[in-house]
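> Can you look at this prediction? I've put the sequence above it.
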Amino acid sequence: MRSDTWSKHSDIRRKHGGDRWETQAAYIGDMTTVTRVHVVVAGTVQGVGFRWWTARKADGLELAGYARNLFDGTVEVEAEGPSAAVDALVELLRTGPPAATVTEVSTRPVVPHGDAERFDILR
């Protein structure tokens, strides 16, 4: 990709002098920004259907990624897709399913992978 403009590929880079490229948020066909976020949810979030609930919400938002339980009792979620949909999922995670009690949600952006087409429940 030897252009100073945005491309429609998931590996979007912008030229910054010489041959140095900077990775940016990805764009898809209609120039929708694709983002990926890493989320850790704390509280009563294991044994209450949190991963299953998260996967159903992510599927409804057409996001890719995963949810899995961590050894410290938290649930880890990574979600990738259009920015608005990712933001919507993060807001849903702040309350979780009815049986959950969410006490903390920490988020950090990560570089979109573009390699997954679905949302998985991991063990």
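Here it is on my side, so go on.
> does the one residue sitting closest to the centre of the chain sit in a helix, a strand or a coil?
With distances taken as C-alpha atoms, centre = their mean, the residue of the chain nearest its centroid is residue 79 (2.0 Å). Secondary structure assignment for residue 79 (DSSP: H, G, I helix; E, B strand; the rest coil): strand.
> ok, it touching residue 89?
Yes. In terms of C-beta atoms under 8 Å, residue 79 counts as a neighbour of residue 89; the distance is 5.2 Å. For every residue, glycine as well, the C-beta is placed using N, CA and C.
> joint contacts of those two?
When contacts are counted by C-beta atoms under 8 Å, 6 or more residues apart in numbering, residue 79 and residue 89 are jointly contacted by 58, 63.
> Neighbouring strands - and their directions - for the longest strand along the chain?
Secondary structure of the chain per DSSP state E: the longest strand is strand 32-44. Strand 32-44 has the following strand partners under DSSP bridges: strand 26-28 (antiparallel), strand 75-82 (antiparallel), strand 101-110 (antiparallel).
> what about residue 40, distance to residue 117?
24 Å (C-beta to C-beta, to the nearest Å).
> which one of the two has more residues nearby?
A count of neighbours by other C-beta atoms under 10 Å puts residue 40 above the other of residue 40 and residue 117, at 17 against 6.
> The more buried one contacts residue 69, doesn't it?
No. Using C-beta under 8 Å, residue 40 is not in contact with residue 69; the gap is 11.2 Å.
> Need the residues that contact the longest strand of the chain.
For strand 32-44, the external contacting residues (C-beta under 8 Å, 6+ apart) are 10, 25-28, 50, 65, 70, 73-83, 86, 90, 93, 96, 99-114.
> Could you identify the buried members of those residues?
26-28, 50, 65, 74-82, 86, 90, 93, 96, 100, 102, 105, 107, 112, 114 (16 or more other C-beta atoms under 10 Å).
> Might you report the residue contacts of the residue nearest to residue 70 when sequence neighbours are not counted?
Take residue 70 and drop its neighbours on the chain: the residue closest to it by C-beta to C-beta, 6 or more residues apart in numbering is residue 76, 5.3 Å away. Contacts for residue 76 (C-beta under 8 Å, 6+ apart) come out as 38-41, 67-70.
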